[in-house]
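Chemist: give me a 3D structure for the following:
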Amino acid sequence: QVQLVESGGGLVQAGGSTRLSCAASGSTFSGYVMAWFRQAPGKEREFVAAIRRSGDIASYADSVSGRFTISRDNAKNTVYLQMSSLKPEDTGVYSCAARPLPSIVTIQHQYPYWGQGAQVTVSS
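Modeler: Here you go, the predicted structure:
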């Protein structure tokens, strides 16, 4: 079982950048596909990005493709989400999630392990 703790985010101006980190502990980090989801106020949680265990392949939601980059450092047991060209509609609670299987999926219930979430607020 893996424990996940997010950090970073906060208040950012539109057009700006910020980076989220998610530190994992308790299990072999390289054995998990890692993903980021977000939940905007009044909306359901949605897929943002995911990365395979070796970090060789990533997948993105259309709404963030070209602006966000997911990466991981298996030596540091950490996954990152670099967010650029931020828009007010990117505002929400961003949560990292882990899946102990090799394939990237975008459905949240297929990720059994979750962090507590980190708030990102983009001001216009």
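Chemist: in this protein, which residue is closest to the centre?
Modeler: When Cα atoms, centre = their mean is applied to the chain, the residue found nearest the centroid is residue 36 (2.3 Å).
Chemist: any idea what sits nearest that residue, other than its immediate chain neighbours?
Modeler: residue 48 (4.3 Å; Cβ to Cβ, 6 or more residues apart in numbering). All C-beta atoms are positioned from the backbone trio N, CA, C, and that covers glycine.
Chemist: what's in contact with whichever strand or helix holds the one you found?
Modeler: Using DSSP states H and E, the element containing residue 48 is strand 46-51. With contacts defined as Cβ atoms under 8 Å, 6 or more residues apart in numbering, strand 46-51 is touched by 33-39, 57-61, 64, 68-72, 79, 81, 94, 104-108.
Chemist: out of those, which are buried?
Modeler: Applying a neighbour-count criterion of 16 or more other Cβ atoms under 10 Å, the buried members of those are 33-38, 58-61, 64, 68-70, 72, 79, 81, 94, 104, 106, 108.
Chemist: need the contact list for residue 73.
Modeler: By Cβ under 8 Å, 6+ apart, the neighbours of residue 73 are 79-80.
Chemist: so how far is residue 100 from the residue lying closest to residue 68 once chain neighbours are set aside?
Modeler: Using Cβ to Cβ, 6+ apart and skipping the chain neighbours, the partner closest in space to residue 68 is residue 83 (5.1 Å). From residue 83 across to residue 100, the span is 26 Å (Cβ to Cβ, to the nearest Å).
Chemist: kindly report the same for residue 66.
Modeler: Where residue 100 is concerned, residue 66 sits at a distance of 30 Å (Cβ to Cβ).
Chemist: quick one: which of those two has more around it?
Modeler: Using other Cβ atoms under 10 Å, the more surrounded residue of residue 66 and residue 100 is residue 100, with 15 against 9.
Chemist: quick check: that one touching residue 30?
Modeler: No - if you go by Cβ atoms under 8 Å, residue 100 and residue 30 don't touch, sitting 10.9 Å apart.
Chemist: helices or strands up against the strand or helix carrying residue 11?
Modeler: Using DSSP H and E, residue 11 maps to strand 10-13. Contact partners of strand 10-13 among helices and strands, from 3 or more Cβ pairs under 8 Å, 6 or more residues apart in numbering; DSSP states H and E: strand 118-123.
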